[in-house]
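> Have a look at this prediction, sequence included:
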Amino acid sequence: MIKRQQPLLLVENIEKYYGTAEAVTKALNRVSFHVQSGEYVSIMGSSGSGKTTLLNCISTIDTVSAGHVFLDGKDITKISEDEIAAFRRDNLGFVFQDFSLLDTLTLEENIALPLTIGKMAPDQIEARVKETAEALGISGELQKFPFQVSGGQKQRCAFARAVICGPKLIMADEPTGSLDSHSAQMLLEMMSRMNRKNGATILMVTHDPLCASYAQRILFLKDGKLFNEIRKGEKTRSVFYHEILDVLSVMGGERP
Ligand SMILES: Nc1ncnc2c1ncn2[C@@H]1O[C@H](COP(=O)(O)OP(=O)(O)OP(=O)(O)O)[C@@H](O)[C@H]1O
């Protein structure tokens with residue numbers, strides 16, 4: 001008998017309501033899907049469709065109104081307040097549109113932060129930061145502060161910090177939203193490489209079809225519900241990109 005691999009992430013019928021009984025917003029309405037270890041999945045949908053709410057519920061930043069989210073078999077909707085910080089640190093890597101770097105630390109110190117907090121030995125930290133920075137093409141910028149580097153370099157630094165502990169799941173919310181097209185492309189290529197070569201599992205929210213075309217699978221949200229799902233398979237990125245545009249036009253969503 002073939003043993004099925006347990007998904008790394010299992011989202012089961014989650015619901016999220018905001019507001020009161022008189023004026024309730026159903027931000028997520030019975031959303032279910034799973035992500036296998038090593039997958040690169042993008043979540044798309046128009047503004048207000050529930051993308052960020054979904055990411056926040058999976059990352060324990062927000063709580064669900066109903067349903068369950070399992071990461072590596074652990075029901076994270078049941079994690080106590082006391083455990084949440086350690087859970088996030090040990091399992092998740094975050095990349096946000098606004099980079100979220102600490103301005104008073106150099107890029108090297110920003111990248112090293114999760115390891116410093118985890119009390120790794122300084123020589124090991126140095127070696128790990130060097131290796132990660134090299135993979136992301138920012139070795140030459142390590143002694144600079146965030147205000148001294150470009151937006152693309154800041155975001156690659158943020159990505160380096162997100163992956164340095166080898167998290168089970170990397171969550172990116174509009175990671176290219178503040179970048180010019182060249183910097184966006186560089187970041188996306190590096191994320192793809194991390195996925196292919198290092199087996200990083202990535203869940204990326206975006207409303208940009210070009211950005212989404214780098215993923216292997218796309219989940220489309222509409223009005224808080226899963227509307228459709230497409231896979232890249234053996235298609236070229238260009239063919240996949242046009243397929244994404246077709247789904248968006250059927251959904252009546254945003255066009256680039
Ligand atoms: N804290 C909140 N209180 C009340 N309603 C909220 C809150 N956060 C989100 N919502 C509502 O939930 C719905 C989903 O919002 P969400 O931010 O998840 O959408 P999104 O797809 O990420 O949108 P965008 O692309 O514009 O960021 C929207 O109708 C939004 O107005």
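Ah, there it is.
> May I have stretch 222-231 exported as CSV, CA atoms only?
This file holds the C-alpha atoms of stretch 222-231, laid out as CSV (Å, rounded to 0.1, in the frame of the first residue of the first chain):
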residue,chain,number,x,y,z
LYS,A,222,-13.3,35.4,-4.0
ASP,A,223,-15.5,36.9,-1.3
GLY,A,224,-13.8,34.8,1.4
LYS,A,225,-14.3,31.5,-0.5
LEU,A,226,-12.0,29.4,-2.6
PHE,A,227,-13.1,30.0,-6.1
ASN,A,228,-10.6,28.1,-8.2
GLU,A,229,-7.1,26.4,-8.1
ILE,A,230,-4.6,26.0,-11.0
ARG,A,231,-1.3,24.3,-11.3
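> That one: which residues count as buried?
Neighbour-count burial for stretch 222-231 flags 222, 224, 226, 227, 230 (criterion: 16 or more other Cβ atoms under 10 Å). From N, CA and C alone the C-beta is placed, and that goes for glycine too.
> phi, psi of the residue of the stretch 151-256 of the chain found nearest the ligand?
For the stretch 151-256 of the chain, the residue closest to the ligand is residue 207, as judged by Cβ to the nearest ligand atom, at 5.4 Å. Backbone torsions for residue 207, taken as degrees, to the nearest 10, come to phi -110, psi 0.
> As TSV, the buried residues of stretch 222-231 with pLDDT and distance to residue 50 would be great.
Output for these, formatted as TSV (pLDDT from 0 to 100; distance: Cβ to Cβ, whole Å):
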residue	pLDDT	distance to residue 50
222	94	9
224	95	4
226	96	10
227	92	11
230	97	18
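> okay if I get those as CSV plus distance to residue 155 and secondary structure?
Below are those laid out as CSV (distance: Cβ to Cβ, whole Å; DSSP: H, G, I helix; E, B strand; the rest coil):
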residue, distance to residue 155, secondary structure
222, 28, strand
224, 29, coil
226, 28, strand
227, 29, strand
230, 26, strand
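> Tell me which two in these are the farthest apart.
Farthest apart among those by Cβ to Cβ are 224 and 230. That separation is 19.4 Å.
> and stretch 240-256, what's its mean pLDDT?
For stretch 240-256, mean pLDDT rounds to 83.
> Please see if it touches the ligand.
No - judged by Cβ under 6 Å from any ligand atom, stretch 240-256 and the ligand are separated, with a smallest distance of 8.8 Å.
> As a check, name the ranges of all helices in the stretch 101-250 of the chain.
When assigned using DSSP state H, counting those that start in this stretch, the helices of the stretch 101-250 of the chain occupy the ranges 107-117, 122-135, 151-163, 181-198, 209-212, 237-251.
> from those, which stretch is densest packed?
A comparison of those by mean neighbour count, using mean count of other Cβ atoms under 10 Å, puts helix 151-163 on top with a mean of 25.
> That's all I had, so thanks and see you.
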